[in-house]
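1. Sharing a model prediction with you, sequence too.
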Amino acid sequence: MKNSFRTKLMTLLLLGVGVQTALAQVTFEVTKVPAKTPAQDTLFLAGNHNNWNPRNKAHSFKKAANGRYYLTMPSGKEELEYKITRGSWATGEAFTNGVAKNNRIYLAKKPIDTVRLEIESWSDFHDSPDKVHTASANVKILSNEFWMPQLNRSRRVWIYLPPDYATSGKKYPVLYMHDGQNLFDAFYGFSGEWGIDESMDKLFQEKGLSAIIVAPDNGGDQRMNEYTPWKNEKYGGGQGEAYVDFLAYTLKPYIDAHYRTMPEKKYTGVAGSSMGGLISLYAAIKHPSVFGKAGVFSPAFWVSPEVYDYVSKNKVPKDLKVVMLAGEKEGKDMVPDMARMRDLLLQKGLKKKNLQYEVHADGEHKESFWQREFPDGFTWLFGKK
């Protein structure tokens, strides 16, 4: 009897520990918002837990009768970086001068926790004198409403032309990128920009390297849907195949018809970060006759583990060139996931000399890291050898 009682007691204690762990949660309470905040607007918490989706319904706040906003979610064990939005980065939280708010940080310290926040301002409330356009003169808006027939919607598309494009008469390689609003102009970037135009200008001046860069904006709340072919029950997705078909069958033919390009696959690349890294690798595998180079920065393979099975079941061109890079400060799964993909690509026949794999000890999941690493990644992919 004693042994039976002791066994039951231990079982209950263990179950209690499990329940306590399972119930570990944090409540975010927004105690104050700017007076002009539209009463009908919903607040969202976007961060590294949901791949920075600014309009994820699973992380929307509920407005209480007291005028405050509440969101309760599992606290997790990893450091949470986040911001509050009203459904898009254009309506994200900002300082009183209009400059986008820095990422907030939360790390769980107790099983049940509450974080109280005040929102100083929203980005769309004013044009700040500190928030200026930074795009160089050779960056243009190709179209504010470029039609995407595969997705039945339109999108702003950016294009960067090399410094000597107007006078050289030459043809140029082309790199297709994602998240266009974060690449060239800090005015539109929600957390800084990559500085692609400045980097390309410098590479042209110092190394004689040049390329046309074409980049559609992400679709805000459509970003998760468009940047993975597989639906994630928690985060969405499933339109990635249509998106890369748009790049291959609509956008690239238009660019080749209207600009002096080198249309062959060995002069054509696709690159992006996070979900953009995931969809870039997918695009290169799905359209091997279109994209001969892929820049896979901090790939969010964890959102779509189906990508491993997809790569294993499809041919990996031996002449494909791939840059894969990430930072050790991007969460516990980032580097192991990327290493797994590296090994799979090599097993599938990708030549070692065609793969550049880098892990940086100080690398974080943010634009400043990708801005720093882009010039070397581009040089390795497109440089003269």
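-> Thanks, I have the structure now. Here the structure is a predicted model, which is why all the values come from computation and not from measurement.
2. my guess is Lys329 meets Glu364, correct?
-> Yes: counting by CB atoms under 8 Å, Glu364 is a contact partner of Lys329 at 4.7 Å. Placement of C-beta: from N, CA and C, glycine included.
3. Who has more neighbours out of the two?
-> Higher neighbour count among Lys329 and Glu364: Glu364, with 19 against 16, using other CB atoms under 10 Å.
4. can you map out the strands along the stretch 51-200 of the chain?
-> For the stretch 51-200 of the chain, the strands defined by DSSP state E, counting those that start in this stretch cover 62-63, 69-74, 80-85, 93-94, 104-106, 112-118, 121-122, 139-148, 153-160, 174-177.
5. Just put these in a markdown table and tack on mean neighbour count.
-> Shown next, in a markdown table, are these (neighbours: other CB atoms under 10 Å):
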| stretch | mean neighbour count |
| --- | --- |
| strand 62-63 | 14 |
| strand 69-74 | 16 |
| strand 80-85 | 22 |
| strand 93-94 | 22 |
| strand 104-106 | 14 |
| strand 112-118 | 13 |
| strand 121-122 | 22 |
| strand 139-148 | 15 |
| strand 153-160 | 20 |
| strand 174-177 | 24 |
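6. closest to Asp201 out of these?
-> Asp201 sits nearest to strand 153-160 of all the strands of the stretch 51-200 of the chain, at 9.2 Å, using CB to CB.
7. re earlier: dump the strands of the stretch 51-200 of the chain to CSV, plus distance to Ala39 and mean pLDDT.
-> Shown next, in CSV, are the strands of the stretch 51-200 of the chain (distance: least, CB to CB, whole Å; pLDDT from 0 to 100):
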stretch, distance to Ala39, mean pLDDT
strand 62-63, 8, 94
strand 69-74, 12, 94
strand 80-85, 16, 91
strand 93-94, 17, 87
strand 104-106, 24, 88
strand 112-118, 18, 93
strand 121-122, 14, 90
strand 139-148, 30, 94
strand 153-160, 29, 95
strand 174-177, 38, 98
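8. To Asn53, which of these lies closest?
-> Of the strands of the stretch 51-200 of the chain, the one closest to Asn53 (CB to CB) turns out to be strand 80-85, at 9.4 Å.
9. Show me what that closest one packs onto, helices and strands only.
-> strand 44-47, strand 93-94, strand 104-106 (3 or more CB pairs under 8 Å, 6 or more residues apart in numbering; DSSP states H and E).
10. That strand versus strand 112-118: what angle between them?
-> 40 degrees (axes from the mean of the first three to the mean of the last three CA atoms, to 10 degrees).
11. now what about strand 80-85, what contacts it?
-> Around strand 80-85, the neighbours that count as contacts under CB atoms under 8 Å, 6 or more residues apart in numbering are 30, 43-49, 54-55, 91-93, 101, 103-107, 117, 119, 190-191, 365.
12. where does this protein dip in pLDDT?
-> 1-22, 97, 126-131, 189-192, 385 (pLDDT under 70).
13. Make sure Leu381 is indeed in a helix.
-> Yes: Leu381: assigned to a helix according to DSSP: H, G, I helix; E, B strand; the rest coil.
14. In space, what's closest to it - neighbours in sequence excluded?
-> Lys293 (4.6 Å; CB to CB, 6 or more residues apart in numbering).
15. how about that neighbour, phi and psi?
-> Main-chain torsions, Lys293, degrees, to the nearest 10: phi -140, psi 150.
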